[in-house]
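Asker: Model the following, please.
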Amino acid sequence: MDKLFNLPYFGSVWHWAQLLTPGRNVFEAHGNYLRRTFRSRTTIMSANGPIDMTVPVYSNNDEPYALSRINYSTDWTSEHLNAFRSAYNASPFYEFYEDDFKAVYAKNHELLWDLNVDMMQLVAELLNIDVMPSFSEDYIKCPENIRDYRVAIEHKKGDRLASGISDVEYYQVFRDKYGFVKGLSILDLLFNMGPEGKLVLKAMSNPIG
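Answerer: Now for the predicted structure:
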């Protein structure tokens, strides 16, 4: 069965596990931008606990997401990169991937959509997985024969992506302090597990039961 998503900024481990479940992955390309959602934020694990990293955007809820412009009035790219380094410098694989993410940020994308597409492609490449994405040609109002995960882009509903997938734990830098934390950014899995992150996602995507 096909699956319908909104395009996130990196996306959570749950999001990526759902991408690997059977069916075509479709991303809504014609919805409006909504503030305070995972379109512009991702949750990483720091020494002080989970923190949200947010891309500043000029847009409001009445503008198409695909036209939402990034606000560069602050040096947010350096803030994100510094936060990633602080959180994951002690992880096994951070140093191997740092320059790849720096290269994407260096493009200074005008549109949030373009940044998120590039980050999705980079993560898929680093994990060596094919998520087979396609993008809607029009807004899909009442999807039939498709699993609709678009509401999971909202911060308080992101755990809906965990529905139907297995709970698989993996190594985390701060596990001794906080225990295993579910549903973090795909960056958490990538920096902590490297290429083996693909195996974790495949195990998660196996149907429960």
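Asker: Report the buried residues of the helix or strand bottoming out on mean pLDDT in the chain.
Answerer: Least confident element among the helices and strands of the chain, by mean pLDDT, DSSP states H and E: strand 133-135 (a mean of 86). By neighbour count with 16 or more other CB atoms under 10 Å, strand 133-135 contains the buried residues residue 133. From N, CA and C alone the C-beta is placed, and that goes for glycine too.
Asker: Same question for stretch 106-114.
Answerer: Going by neighbour count (16+ other CB under 10 Å), the buried part of stretch 106-114 is 109, 111, 112, 113.
Asker: Do I have it right that the third one meets residue 55?
Answerer: The reference is to residue 112. Yes. In terms of CB atoms under 8 Å, residue 112 counts as a neighbour of residue 55; the distance is 6.1 Å.
Asker: Please name the residues that touch residue 140.
Answerer: Contacts for residue 140 (CB atoms under 8 Å, 6 or more residues apart in numbering) come out as 4, 26, 28, 146.
Asker: Leaving out the residues flanking it, which one is nearest to the last one?
Answerer: In space, residue 146 comes closest to residue 2 once its chain neighbours are excluded; the distance is 4.5 Å by CB to CB, 6 or more residues apart in numbering.
Asker: do you know how far that neighbour is from residue 79?
Answerer: 37 Å (CB to CB, to the nearest Å).
Asker: same check, this time on residue 62
Answerer: Residue 62 is 28 Å from residue 79, by CB to CB.
Asker: who has more neighbours, the two?
Answerer: Per other CB atoms under 10 Å, whichever of residue 62 and residue 79 has more neighbours is residue 79, with 13 against 7.
Asker: where's the more buried one, which helix or strand?
Answerer: In this assignment (DSSP states H and E), residue 79 forms part of helix 76-88.
Asker: mind listing what's buried in that helix?
Answerer: Neighbour counts over helix 76-88 (16+ other CB under 10 Å) mark 76, 77, 80, 81, 84, 87, 88 as buried.
Asker: quick one: the strands in the chain?
Answerer: 2-5, 25-27, 41-46, 49-54, 133-135, 146-148 (DSSP state E).
Asker: will you turn those strands into JSON lines that also has distance to residue 93?
Answerer: Formatted as JSON lines, the strands of the chain follow (distance: least, CB to CB, whole Å):
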{"stretch": "strand 2-5", "distance to residue 93": "26"}
{"stretch": "strand 25-27", "distance to residue 93": "25"}
{"stretch": "strand 41-46", "distance to residue 93": "14"}
{"stretch": "strand 49-54", "distance to residue 93": "19"}
{"stretch": "strand 133-135", "distance to residue 93": "24"}
{"stretch": "strand 146-148", "distance to residue 93": "31"}
